[in-house]
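> here's my sequence, what's the structure:
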Amino acid sequence: MPNRWSGITIDCADPRRLARFWSTLLGREEGPTEPGWVYLGDRTDMLPRLVFQPVPEPKRGKTRIHLDVSVDDIAAGMAEVVSLGGSFTGERHDYDEGVVVVMADPEGNEFCLAQYFSSTEPVTDEKALDV
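You can find the predicted model right below:
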C-alpha cells in the first residue's frame, strides 16, 4: 500500500483562533481534537486534515510550505480573507492562465489564493517562484 498524505500541521500561538479562520475560509468542520490542539477534518477524510498545534515561539520569517486555495473571484476571495482577520501581503502574480495573490492568516502564515481562468493548465508554485 502506498504512503498517503493525511494532514498539514500548522504551528500557532492560538489554535482555536486560527482554526476558526481556516474552518470558515475552507468550509471544513472541526474533527476529533486533542487537548490544546484543533483538527479540521479527520484522518479518514478524502482531503488532508488541518492540524493546529500550540507552540510558545512566534512565527519568524517566510513560511516555507504553504497552502494554495482556489477561488472563483480573486477580489471576493481577498475580501473574505481580510474580513476573517487575514491580510494581503502585497504580492500578486498575473499569468495567462490565472492570478495568484499571497495572503496571510491572522498569525501571519502565508498562503496563496489562486483564480484560474481555465482548467487546462493550472498555475503552479514553480511558476509563481519564477517571477
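> buried set for the biggest helix by length in the chain?
Ranked by residue count under DSSP state H, the longest helix found in the chain is helix 15-26. Using 16 or more other C-beta atoms under 10 Å as the test for burial, helix 15-26 gives Pro15, Leu18, Ala19, Arg20, Phe21, Trp22, Ser23, Leu25. In short, each C-beta sits where N, CA and C put it, glycine included.
> so which elements touch that helix?
strand 38-40, strand 49-54 (3 or more C-beta pairs under 8 Å, 6 or more residues apart in numbering; DSSP states H and E).
> show me what the shortest one is in contact with.
Applying C-beta atoms under 8 Å, 6 or more residues apart in numbering, the contact partners of strand 38-40 are 7, 15-16, 18-19, 22-23, 26, 28-33, 49-52.
> where exactly do the strands run in the chain?
Assigned by DSSP state E, the chain shows strands spanning 7-12, 38-40, 49-54, 68-70, 87-95, 98-104, 110-116.
> give me the buried positions along the last one.
Read it as strand 110-116. Of the residues in strand 110-116, those buried (16+ other C-beta under 10 Å) are Glu110, Phe111, Cys112, Leu113, Ala114, Gln115, Tyr116.
> ok, and what's touching it?
Contacts for strand 110-116 (C-beta under 8 Å, 6+ apart): 62-63, 66-74, 77-78, 81, 89, 97-105, 122-123, 125, 128.
> can you list the strands that it pairs with?
Taking DSSP bridges as the criterion, strand 110-116 forms sheet pairs with strand 68-70 (parallel), strand 98-104 (antiparallel).
> what does the longest one give?
Sheet pairing here is set by DSSP bridges, and for strand 87-95 it gives strand 98-104 (antiparallel).
> now do the strand it pairs with against helix 15-26, angle only.
160 degrees (axes from the mean of the first three to the mean of the last three C-alpha atoms, to 10 degrees).
> quick one: mean pLDDT for strand 98-104?
Regarding strand 98-104, the rounded mean pLDDT is 96.
> kindly report the same for stretch 113-120.
83.
> that one: how far from the chain's middle?
Distance of stretch 113-120 from the chain centroid (C-alpha atoms, centre = their mean, to the nearest Å) equals 16 Å.
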